[in-house]
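Novice: Need coordinates for the below:
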Amino acid sequence: MASAPIPPVASAPVPSPVAPPMSEASRIVNTFIAPSKTFTDLRRSAAWWGPWILISIFSIAFIFTMGKQIGFEQISKNQIERSSRQAEQFDRLSPDQQATRLRASAKFFNVFAYMSPVLILFFTLISTTALWATFKVGVGADTTFGQAYAISIYAGLPGIIGAILGIVSLFAGVNPEGFDVNNPVATNLAYFLDPDTTNKFARGMASSLDVLIVWTIVLTGIGYACTSKVKRSTAIMIVAGWYLLYKLMTSALATVS
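Specialist: Predicted coordinates:
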């Protein structure tokens, strides 16, 4: 008697390989060369202390170099001269009053500048809150706030390159009277525009065409795309839209100073 055929047994599915956890050093390196790996790993751990420490170190190094090569009093004087209203008020003061104001302004600038590690955390909190709320409400992203905060910190790593370029240019010999602390290196169009003849709004908007800022915007968009189901192009457009709104507001405010 013929035996009944034995039905084929389905083979068990082979589980897809799980990517090993990345170290903070690997995350930082991959932010520059393979950002998707870094931001995908944020779904496992949203730790951000590594890039924050690195950014803080380079920020303080740049500030220290400015103090040595330019001087905070000269930086304060340059800022006053770039504001017609402040320059007019400053010129009315006696030489002693001008010196006192410059010393006070330089001291404030010095303290404020060296608080940059804390300020980085504070301003990142503000920008992250706006972006995260937009992604959650606008496109239903499932990125957690902790992941969003880590995305912002990691996406800020290109700023290290700006700090390095700034330090190099300061040691190369920058005219102290022409130094602009808000635009210290030639990474954007506004750097090449004469602040005395260019409209302040136009110059402010020109500063948005910055290589490092565009890099940061793209990285931030990639970060949200990797931690949620949002398309990469949509995520980048949302981040770019917020930055454009910010530049429009700050450039408009600059025209009344």
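
Novice: What is the burial count for residue 241?
Specialist: Per other Cβ atoms under 10 Å, the neighbour tally for residue 241 reads 12. C-beta here means a position set from N, CA and C on the backbone, and glycine is covered the same way.

Novice: Spell out which helix or strand contains it, please.
Specialist: helix 232-254 (DSSP states H and E).

Novice: How many residues are close by residue 118?
Specialist: Counted with other Cβ under 10 Å, the neighbours of residue 118 add up to 10.

Novice: no, scratch that, I was asking about residue 91
Specialist: Residue 91: 10 surrounding residues under other Cβ under 10 Å.

Novice: Please tell me the pLDDT value assigned to it.
Specialist: As predicted, residue 91 sits at a pLDDT of 81.

Novice: now swap in residue 95 and tell me
Specialist: The model reports residue 95 with a pLDDT of 83.

Novice: Next: residue 157.
Specialist: At residue 157, pLDDT is 97.

Novice: same deal with the one 5 residues further on?
Specialist: As predicted, residue 162 sits at a pLDDT of 94.

Novice: Helices of the stretch 101-250 of the chain, residue ranges please.
Specialist: Shown for the stretch 101-250 of the chain, the helices assigned by DSSP state H, counting those that start in this stretch span residues 116-139, 145-155, 159-173, 200-206, 211-227, 232-254.

Novice: Tell me which of those lies nearest to residue 79.
Specialist: Closest approach to residue 79 among the helices of the stretch 101-250 of the chain (Cβ to Cβ): helix 232-254, 12.1 Å.

Novice: Just the C-alphas of that closest one, formatted as CSV.
Specialist: Output of helix 232-254 as CSV, limited to C-alpha atoms (Å, rounded to 0.1, in the frame of the first residue of the first chain):
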residue,chain,number,x,y,z
ARG,A,232,13.7,62.1,4.5
SER,A,233,12.8,64.9,2.0
THR,A,234,9.8,65.9,4.1
ALA,A,235,11.9,66.0,7.3
ILE,A,236,14.6,68.2,5.8
MET,A,237,11.9,70.6,4.4
ILE,A,238,10.4,70.9,7.9
VAL,A,239,13.7,71.7,9.5
ALA,A,240,14.6,74.1,6.7
GLY,A,241,11.3,75.9,7.0
TRP,A,242,11.8,76.5,10.7
TYR,A,243,15.3,77.9,10.1
LEU,A,244,14.1,80.1,7.3
LEU,A,245,11.4,81.6,9.6
TYR,A,246,14.0,82.2,12.3
LYS,A,247,16.3,84.0,9.8
LEU,A,248,13.4,86.1,8.5
MET,A,249,12.6,87.2,12.1
THR,A,250,16.2,87.9,13.2
SER,A,251,17.0,89.7,9.9
ALA,A,252,14.0,91.9,10.3
LEU,A,253,14.9,92.8,13.9
ALA,A,254,18.4,93.7,12.8
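
Novice: For that helix, give me every contacting residue.
Specialist: Identification of contacts with helix 232-254 by Cβ atoms under 8 Å, 6 or more residues apart in numbering yields 127, 130-131, 134-135, 138-139, 200-201, 203-205, 207-208, 213, 217-218, 220-225.

Novice: burial count for residue 238?
Specialist: By other Cβ under 10 Å, the residues close to residue 238 number 21.

Novice: low pLDDT regions in the stretch 101-250 of the chain?
Specialist: Low-confidence segments of the stretch 101-250 of the chain (pLDDT under 70): none present.

Novice: Make a ChimeraX selection of the buried ones in the contacts of helix 232-254.
Specialist: With 16 or more other Cβ atoms under 10 Å as the criterion, this ChimeraX line picks the buried residues out of those:
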select :127,131,134,135,200,203,204,205,207,208,213,217,218,220,221,222,223,224,225
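
Novice: just to revisit the earlier point, which parts of the helix holding residue 241 are buried?
Specialist: Applying a neighbour-count criterion of 16+ other Cβ under 10 Å, one finds 234, 235, 236, 238, 239, 240, 242, 243, 247, 251, 254 buried in helix 232-254.
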